[in-house]
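Enquirer: All I have is the shape, not the residue letters:
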């Protein structure tokens, strides 16, 4: 009979320990605001939170890609805008050379500035960022994954930007156009200068179109980025709902368990004061 009593006491001690641990868990949930800390708390909710966690990790990767793409798109747009301004300046220079009153010194100054413009345009087209990534892709646009099944080209290619420009039925590059302008100014022939001006105007119009295309790419990145942000907010809210503490419910549960524990400890203390003869009597 003493053995049975000892088993009962051991079981009671274990029950009180479990009750105490449950109270501590409840108090932690109240202080942190998080109830779901292990699968045994709520198996179904734990599975859902795990799924949400994986989805959030994927969302974060896509958001990082959006940020990367937006940076590249901004660099490309900035370079295109600068090229456009340089071509506008080239138009002004070539137009000024058509009045027929320029002397050799003036023509030489225009040639020098056009040469600088040509060099700068080439540098802008071949520029790389601090990581060594070209501002414009070479040959084919790199596709960046930004969502499930959605890959976006965030910049155009150098060839799209600078080549295949229709000038009087002939395909020319920006470098060809500016080289033609330099040669025309140096020769001083009005017909050549007129053709050079047509070429620069065609090149500038081409860059304006490329700027518009780049703007569309940037807008798409913004739209997808906004959608990802909204999805992430929904996931965060859903996760918070699953993990968060219902304060009224948990406080009530902790208070009830404290009462149970106090009562159990009081009863246990009274039992321990009994003698061996009281237990077997």
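Expert: Thanks, I have the structure now. Not measured: the values here are computed from a predicted model.
Enquirer: Next, the buried residues of whichever strand or helix holds residue 119.
Expert: For residue 119, the host element (DSSP states H and E) is helix 104-126. Within helix 104-126, the residues scored as buried using 16 or more other C-beta atoms under 10 Å are 110, 111, 113, 114, 117, 118, 121, 124, 125. Bear in mind the C-beta positions are built from the backbone N, C-alpha and C, glycine included.
Enquirer: Would you mind listing the outside residues contacting it?
Expert: Helix 104-126 is contacted from outside by 79, 82-83, 86-87, 89-90, 93-94, 96-97, 102, 134-136, 158, 161-162, 174-175, 178-179, 181-182, 185-186, 188, using C-beta atoms under 8 Å, 6 or more residues apart in numbering.
Enquirer: Next, the buried residues of stretch 60-67.
Expert: Buried residues in stretch 60-67, counted by 16+ other C-beta under 10 Å: 62, 63, 65, 66.
Enquirer: Now for those: which two are most distant?
Expert: Distance extremes for the buried residues of stretch 60-67: the farthest pair is 63 and 65 at 7.2 Å, using C-beta to C-beta.
Enquirer: Can you report how many residues lie near residue 199?
Expert: Number of residues near residue 199 (other C-beta atoms under 10 Å) recorded here: 25.
Enquirer: Equivalent analysis for residue 162, please.
Expert: 26.
Enquirer: Same question for the one 5 residues further on.
Expert: Neighbours of residue 167 under the rule other C-beta under 10 Å: 20.
Enquirer: just the one 3 residues further on next, same as before
Expert: Applying the criterion other C-beta under 10 Å, we find 10 residues in the vicinity of residue 170.
Enquirer: that older thread, now, the buried residues of stretch 60-67 that are in helices?
Expert: Among the buried residues of stretch 60-67, the members found in helices (DSSP state H) are 62, 63, 65, 66.
Enquirer: Secondary structure element holding the residue nearest to the second one when sequence neighbours are not counted?
Expert: So that's residue 63. Nearest residue to residue 63, sequence neighbours excluded (C-beta to C-beta, 6 or more residues apart in numbering): residue 228, at 5.5 Å. Here residue 228 sits within helix 190-243, counting by DSSP H and E.
Enquirer: list the contacts for residue 208?
Expert: Here residue 208 is in contact with residue 84 (C-beta under 8 Å, 6+ apart).
Enquirer: Can you tell me how far it is from residue 50?
Expert: According to C-beta to C-beta, to the nearest Å, residue 208 and residue 50 sit 51 Å apart.
Enquirer: So residue 84 sits against residue 206, correct?
Expert: No: using C-beta atoms under 8 Å as the test, residue 84 is too far from residue 206 to be in contact (9.8 Å).
Enquirer: Going by how many neighbours each has, rank the two and give me the top one.
Expert: Counted by other C-beta under 10 Å, residue 84 and residue 206 do not tie: residue 206 has more neighbours, with 23 against 18.
Enquirer: my guess is the more buried one contacts residue 160, does it?
Expert: No: Residue 206 is beyond contact range of residue 160, at 9.6 Å (criterion: C-beta under 8 Å).
Enquirer: doesn't residue 144 fall inside a strand?
Expert: Yes: the assignment for residue 144 by DSSP: H, G, I helix; E, B strand; the rest coil puts it in a strand.
Enquirer: list the contacts for it?
Expert: Residue 144 neighbours (C-beta under 8 Å, 6+ apart): 65, 68, 69, 151, 152, 153, 154.
Enquirer: Looking at the third one now. What's its pLDDT?
Expert: In other words, residue 69. The model reports residue 69 with a pLDDT of 93.
Enquirer: Which strands or helices does the host helix or strand of residue 152 pack on?
Expert: According to DSSP H and E, residue 152 maps onto strand 150-153. Here strand 150-153 touches strand 143-147, helix 190-243, going by 3 or more C-beta pairs under 8 Å, 6 or more residues apart in numbering; DSSP states H and E.
Enquirer: Just the mean pLDDT for the last one, thanks.
Expert: Translated: helix 190-243. Here helix 190-243 scores 88 as its mean pLDDT.
Enquirer: do the shortest one as well
Expert: The pLDDT scores in strand 143-147 average 90.
Enquirer: Which neighbours in the sheet does it have, and how are they oriented?
Expert: For strand 143-147, the paired strands and their directions (DSSP bridges) are strand 150-153 (antiparallel).
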